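Novice: here's a sequence, model it:
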Amino acid sequence: MTSTQEEIQVSYDVSNEFFRLWLDERMHYTCAVYEKDTDTLEQAQENKSRVLYEFAELDPTKTVLDIGCGWGANLEYVVKRGAKEAHGITLSSAQHDEIMARKIPGIKTWCCDYRDFKAPFLYDSLISIEMIDHLCSPAQAAQGLAVDIYRSYFNKLAEWVKPGATFGFQAILRNRVPRKREDIADLKFTADVIFPGGLNPRLEDLIMAVNPSWEILELKTRRTHYGRTTAEWLRRMKAHEKKIRAEWGDQVFQEYDRYLSTCVKGFANHWASDVQMKLKKIDI
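Specialist: Got it, this is the predicted structure:
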């Protein structure tokens, strides 16, 4: 099953103000794309949204659904760049509250599980950014169910779009398993405490799972980009250590320090990566 709403709340509902301290200005909580050494986190996050906008082949005449839309940062980019209608779904009530508070013109969002979503019409395009990491639990993966779970997701999404629709897709990947016991403990902490109920997919599982509904037209991995992204998050969070400890407690700071430090180490050592895919619906 997907992560429950209670588990999602553990991951994303600490406090919108907490995340605002160390994410970029628009609050993207996903891998940025650094195209230049001089790119700021803000520019790199906009680069990410541009890549997915183009993968989805969006323009002002197209409709799009963002599955797992977070605090609305990518939707905000989409409507600024141009879309006929831009919709989004998230399972986090805190994230949805933030979207409502921003009053972003030209978008409509729902707080719901993607499995319960009823598409109001067939969309031209889809975008989903690191939402699939919440679909398969470690126990289910151990039972060999991962590909079937991901395939059900891709098949369901294919029902929401027009023939020939395009899909800008992004996911965190798990790669190597570290050999040191303390490193394994840090990864387990991140999975159990920060993102309970979720698991990053393997690239080979995703490649199998897109069939029979989608064709992969382009694929780019972003391991070093996510390493730089998480390093900047860690730097910004540490710069606010005093405020975080005062407002949310020592435990929150210590847990996020451990989590973000593990991310930086994980991307540097190939324990994890990130992928962006351009997918096209197969209509046979």
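Novice: so where's the longest helix in the chain?
Specialist: helix 250-268 (DSSP state H).
Novice: give the buried residues for that one.
Specialist: 253, 255-256, 258-267 (16 or more other CB atoms under 10 Å). C-beta coordinates here come from the backbone N, C-alpha and C atoms, glycine included.
Novice: can you check stretch 269-284 too?
Specialist: When burial is assessed from 16+ other CB under 10 Å, stretch 269-284 yields the following buried residues: Trp271, Ala272, Ser273, Asp274, Val275, Gln276, Met277, Lys278, Leu279, Lys280, Lys281.
Novice: packing partners for the helix or strand that contains the fourth one?
Specialist: Assigned by DSSP states H and E, Asp274 belongs to strand 272-281. Using 3 or more CB pairs under 8 Å, 6 or more residues apart in numbering; DSSP states H and E as the contact criterion, the secondary-structure elements in contact with strand 272-281 are helix 41-55, strand 161-174, helix 203-209, strand 214-221, helix 223-239, helix 250-268.
Novice: dump the ones you listed to TSV, plus mean pLDDT.
Specialist: Conversion of those to TSV gives the following (pLDDT from 0 to 100):
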stretch	mean pLDDT
helix 41-55	98
strand 161-174	97
helix 203-209	98
strand 214-221	98
helix 223-239	98
helix 250-268	95
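Novice: could you dump the ones you listed into JSON lines with distance to Arg181 added?
Specialist: As requested, the helices and strands packed on strand 272-281 are arranged in JSON lines below (distance: least, CB to CB, whole Å):
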{"stretch": "helix 41-55", "distance to Arg181": "33"}
{"stretch": "strand 161-174", "distance to Arg181": "18"}
{"stretch": "helix 203-209", "distance to Arg181": "26"}
{"stretch": "strand 214-221", "distance to Arg181": "28"}
{"stretch": "helix 223-239", "distance to Arg181": "22"}
{"stretch": "helix 250-268", "distance to Arg181": "14"}
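Novice: which one of the ones you listed lies closest to Ala32?
Specialist: Evaluated with CB to CB, those place helix 41-55 nearest to Ala32, the distance being 3.5 Å.
Novice: next secondary structure element downstream of the helix or strand of the chain with the lowest mean pLDDT?
Specialist: Counting by mean pLDDT, DSSP states H and E, the weakest-scoring helix or strand in the chain turns out to be helix 5-12, with a mean of 42. Remark: after helix 5-12, the chain's next helix or strand is helix 16-22, criterion DSSP H and E.
Novice: so how far is that next one from its chain's centroid?
Specialist: Here the centre of helix 16-22 is set off from its chain's centre by 17 Å, with CA atoms, centre = their mean, to the nearest Å.
Novice: what of stretch 228-246?
Specialist: Relative to the chain's own centre, stretch 228-246 is displaced by 20 Å; criterion: CA atoms, centre = their mean.
Novice: what residues does it touch?
Specialist: With CB atoms under 8 Å, 6 or more residues apart in numbering as the test, stretch 228-246 has contacts from 18, 21-23, 31-32, 34, 41, 44, 252-253, 256-257, 260-261, 263-264, 267.
Novice: same thing but at 6 Å, please
Specialist: Outside stretch 228-246, the residues that touch it by CB atoms under 6 Å, 6 or more residues apart in numbering are Leu21, Trp22, Cys31, Ala32, Tyr34, Leu41, Phe253, Leu260, Cys263, Val264.
Novice: do stretch 172-184 as well
Specialist: For stretch 172-184, contacts defined as CB under 6 Å, 6+ apart pick out Glu130, Asp133, Asn200, Leu203, His270, Trp271, Ala272, Ser273, Asp274, Val275.
Novice: do the same with stretch 121-134
Specialist: In contact with stretch 121-134 (CB under 6 Å, 6+ apart) are residues 2-3, 30, 52, 56, 58, 62-68, 157, 160-162, 165-172, 198, 200.
Novice: what subset of those is buried?
Specialist: Counted by 16+ other CB under 10 Å, those give 2-3, 30, 52, 56, 58, 62-68, 157, 160-161, 165-172, 198, 200 as buried.
Novice: gap between Asp257 and Cys263?
Specialist: Computed with CB to CB, to the nearest Å, the distance linking Asp257 and Cys263 is 11 Å.
Novice: also Gln95?
Specialist: When CB to CB is applied, the distance between Gln95 and Cys263 equals 20 Å.
Novice: next one: Ser137
Specialist: Shown here: Ser137 relative to Cys263, a distance of 20 Å by CB to CB.
Novice: ok, Arg81 next?
Specialist: 29 Å.
Novice: could you do Met27 as well?
Specialist: Using CB to CB, we find Met27 at a distance of 17 Å from Cys263.
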